[in-house]
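*Asks:* Just a sequence and a predicted model for now, questions to come.
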Amino acid sequence: MILLTPKQIFSLVVGFIFLINFVLATSHDGCAGLNGFDFLQCRISVILGRIIQFLFIISLVLASVFLIYLGLKYILGQASLGGKSSDVSLSKVIFYVILGVAVVLMSIFLPVIIKNFIESITS
């Protein structure tokens, strides 16, 4: 039976997500009929969109793993991080992780909502 360390599992997951991201980035997303600079501009915007999407996925996965870890520490009764010398309470760290997830989610949906609102006003 092969046992993987958490570092190896994390490396495999990140590598798999990178592989999927680059496979999807090489597919043609509406750039087929364009030529020259327009094709290049379309491909660059598609690749940048995929990279941003990848970063969002990684940040949400890391936040989920961190929340699970902090939740377990909270349930087990360890009130602070870093031992006796640390005065950073677990509830503050959990609050900031949830706040970070909220900011990431708002950065995904808020531009779309604003764009749709402006388009509905102008048409």
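*Replies:* Received the coordinates, thanks. Numbering: from 1, shown residues only.

*Asks:* tell me the secondary structure for Gly33?
*Replies:* Following DSSP: H, G, I helix; E, B strand; the rest coil, the label given to Gly33 is coil.

*Asks:* Can you tell me which helix or strand of this structure has the lowest average pLDDT?
*Replies:* The weakest-scoring helix or strand in the chain, judged by mean pLDDT, DSSP states H and E, is helix 6-26 (a mean of 65).

*Asks:* which secondary structure elements does the helix or strand following that helix contact?
*Replies:* Using DSSP states H and E, the helix or strand that follows helix 6-26 in sequence is helix 37-75. On a contact count with 3 or more C-beta pairs under 8 Å, 6 or more residues apart in numbering; DSSP states H and E, helix 37-75 meets helix 6-26, helix 90-122. Glycine gets a C-beta too; all of them are placed from N, C-alpha and C.

*Asks:* As a markdown table, those helices with distance to Phe37 and mean neighbour count would be great.
*Replies:* Output for those, formatted as a markdown table (distance: least, C-beta to C-beta, whole Å; neighbours: other C-beta atoms under 10 Å):
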| stretch | distance to Phe37 | mean neighbour count |
| --- | --- | --- |
| helix 6-26 | 19 | 12 |
| helix 90-122 | 25 | 11 |
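
*Asks:* what about Ile68, how many neighbours?
*Replies:* Look at Ile68: counted by other C-beta atoms under 10 Å, it has 10 neighbours.

*Asks:* gap between it and Val14?
*Replies:* In this view, Ile68 and Val14 are 18 Å apart by C-beta to C-beta, to the nearest Å.

*Asks:* same deal with Val61?
*Replies:* On the measure of C-beta to C-beta, Val61 and Val14 end up 9 Å apart.

*Asks:* now do Ile51
*Replies:* Distance of Ile51 to Val14, given as C-beta to C-beta: 14 Å.

*Asks:* One more: Val103?
*Replies:* Taking C-beta to C-beta as the measure, Val103 falls 22 Å from Val14.

*Asks:* would you turn the helices and strands packed on helix 37-75 into JSON lines with distance to Leu40?
*Replies:* Listed next are those as JSON lines, based on distance: least, C-beta to C-beta, whole Å:
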{"stretch": "helix 6-26", "distance to Leu40": "14"}
{"stretch": "helix 90-122", "distance to Leu40": "24"}
